[in-house]
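Novice: just coords:
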């Protein structure tokens, strides 16, 4: 929460020359994004990566078509690389809090799933429509009316589809859907009947 | 950390950026400038790079909005404080003006007439005060014209207003020369009744060389507006 303090990046090329404005803006934007997205990562480490990315971009000025995209991809790549080698230092504390509440998971529940396994399951068990709905939810498009407009389906179909996605996520995360919840909410069982 | 966010950030690499929308489109998506039905929204489900860029734009936009909201909040608070200050100042100013107005009004003389021509007169401290019809004077500076009772003589008169008929609680006093006009003797005096509280008083007249005083009941009302 709160405002993120600005880290001053030293964005120069290999000869110590200040990078062009477009490169600096792109690296700074990517740097801000990584800091927001991965708050548990060391700020100094992220700043170092950003400066490395800037330096690398400085050597390829003519090749880079979109500094913004390059900076995001490069910095994101460094984050991924770090997770591959130092993943144990960061931990995942769960899915969105709403889903956690819905599935009955609290933050103290021990987790045995690894991200890669989980992502594989999400990839195989979720339909394309499910993924579309999830990505819309990630864009804060949460109402059935908006989802129906995005997917080109009726309101009721969108509402049901949203419900089913939640159920499937729940299934993936905790095995079978929580039976108690299914008993308490009979309409949740309709998930297999539709398209 | 949101697992689904991680999923979309990691699970769909598209390093060749195949089928990706323009940066400006992603920015517009992030800033909610495109409808929910825009096809680029669904593209984010299959491209981690675009999703990352979308998140970046979205975060920047939210930060900007938050900052703007904070500024607006401060501006509203400052406006309220300013408006309250102006309101208080205005109130005090208008109140002061009102008081000044009242003071000005109270320093302005008010004309009044008392006609005692047909009033019976009772001299001294008789209990039988004169029956005078609802004479009322304002609690102000009064330019009073008293038509004296029938058979009164002209000459110098004192006119006073007192709480009682013994003349101990005189609240205002004035004097003037009575003149005859159309068969009536009229005396004009100025009485300062500003200090008099509203209520029942006596109006007394006494001719200069005469020791006798004549009392007439009179009401003093609130000051002139």
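Specialist: Good, I have the coordinates. Quick caveat: nothing in here was measured; it's all calculated off a predicted structure.

Novice: counting by contacts, list what the lengthiest helix in chain B packs against.
Specialist: With DSSP state H setting the assignment, residue counts place helix B:48-107 as the longest helix in chain B. For helix B:48-107, the contact count by 3 or more Cβ pairs under 8 Å, 6 or more residues apart in numbering or on different chains; DSSP states H and E identifies helix A:21-37, helix A:67-86, helix B:3-10, helix B:23-30 as packing neighbours. Backbone N, C-alpha and C define where each C-beta goes, glycine included.

Novice: out of those helices, flag the one nearest residue B:170.
Specialist: Between residue B:170 and the helices and strands packed on helix B:48-107, the shortest gap by Cβ to Cβ is with helix A:21-37, which sits at 86.8 Å.

Novice: before we move on, the earlier item: make TSV from the helices and strands packed on helix B:48-107 and add mean neighbour count and mean pLDDT to it.
Specialist: Conversion of those to TSV gives the following (neighbours: other Cβ atoms under 10 Å in any protein chain shown; pLDDT from 0 to 100):
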stretch	mean neighbour count	mean pLDDT
helix A:21-37	21	93
helix A:67-86	19	89
helix B:3-10	20	87
helix B:23-30	19	94
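
Novice: next one: the closest residue to residue A:11 other than its chain neighbours from chain B, what distance?
Specialist: With Cβ to Cβ, 6 or more residues apart in numbering or on different chains as the measure, residue A:54 is the residue that lies nearest to residue A:11, at 4.1 Å, once sequence neighbours are left out. Taking Cβ to the nearest Cβ, to the nearest Å as the criterion, residue A:54 is separated from chain B by 16 Å.

Novice: low pLDDT regions in the chain?
Specialist: All of this is about chain A. Scanning chain A for pLDDT under 70 picks out A:1-6, A:86-114, A:175-195.

Novice: looking at chain B here, not the other one
Specialist: For chain B, applying pLDDT under 70 flags the ranges B:1, B:101-106, B:120-134, B:211, B:223-225.

Novice: what parts of it come near chain A?
Specialist: For chain B, the residues found near chain A under the criterion Cβ under 8 Å from any Cβ of the partner chain are B:1-11, B:15, B:17, B:23, B:29, B:35-38, B:41-42, B:44-46, B:49, B:51-56, B:58-60, B:63, B:66-67.

Novice: mind checking which of these are buried?
Specialist: Among those, those classed as buried by 16 or more other Cβ atoms under 10 Å in any protein chain shown are B:2-11, B:23, B:29, B:36, B:38, B:41-42, B:44-46, B:49, B:51-56, B:58-60.

Novice: and residue B:20, that one's in a strand?
Specialist: No: counting by DSSP: H, G, I helix; E, B strand; the rest coil, residue B:20 is located in no strand; its state is coil.

Novice: for it, give me its contacts.
Specialist: Neighbour list for residue B:20: B:14, B:43, B:47, B:49-50 [criterion: Cβ atoms under 8 Å, 6 or more residues apart in numbering or on different chains].

Novice: before we move on, the earlier item: how about the helices and strands packed on helix B:48-107 in CSV, adding distance to residue B:222?
Specialist: Below are the helices and strands packed on helix B:48-107 laid out as CSV (distance: least, Cβ to Cβ, whole Å):
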stretch, distance to residue B:222
helix A:21-37, 71
helix A:67-86, 79
helix B:3-10, 76
helix B:23-30, 70
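
Novice: I'd assumed residue B:32 was in a strand, is it?
Specialist: No: residue assignment for residue B:32, taken from three-state DSSP, gives coil, which places it outside any strand.

Novice: look up phi and psi at it.
Specialist: In this entry, residue B:32 is assigned phi and psi values of phi 60, psi 40 (degrees, to the nearest 10).

Novice: ok, now the one 4 residues further on?
Specialist: In this entry, residue B:36 is assigned phi and psi values of phi -60, psi -30 (degrees, to the nearest 10).

Novice: that one against residue A:146, yeah?
Specialist: Yes: Residue B:36 lies in contact with residue A:146 (Cβ atoms under 8 Å); the separation is 4.0 Å.

Novice: which neighbours do these two have in common?
Specialist: Joint contacts of residue B:36 and residue A:146 (Cβ under 8 Å, 6+ apart) are residue A:136.

Novice: the top strand by length along chain B pairs with which strands, parallel or anti?
Specialist: Counting by DSSP state E, the longest strand found in chain B is strand B:170-181. Here strand B:170-181 has these sheet partners by DSSP bridges: strand B:155-162 (antiparallel), strand B:184-192 (antiparallel).
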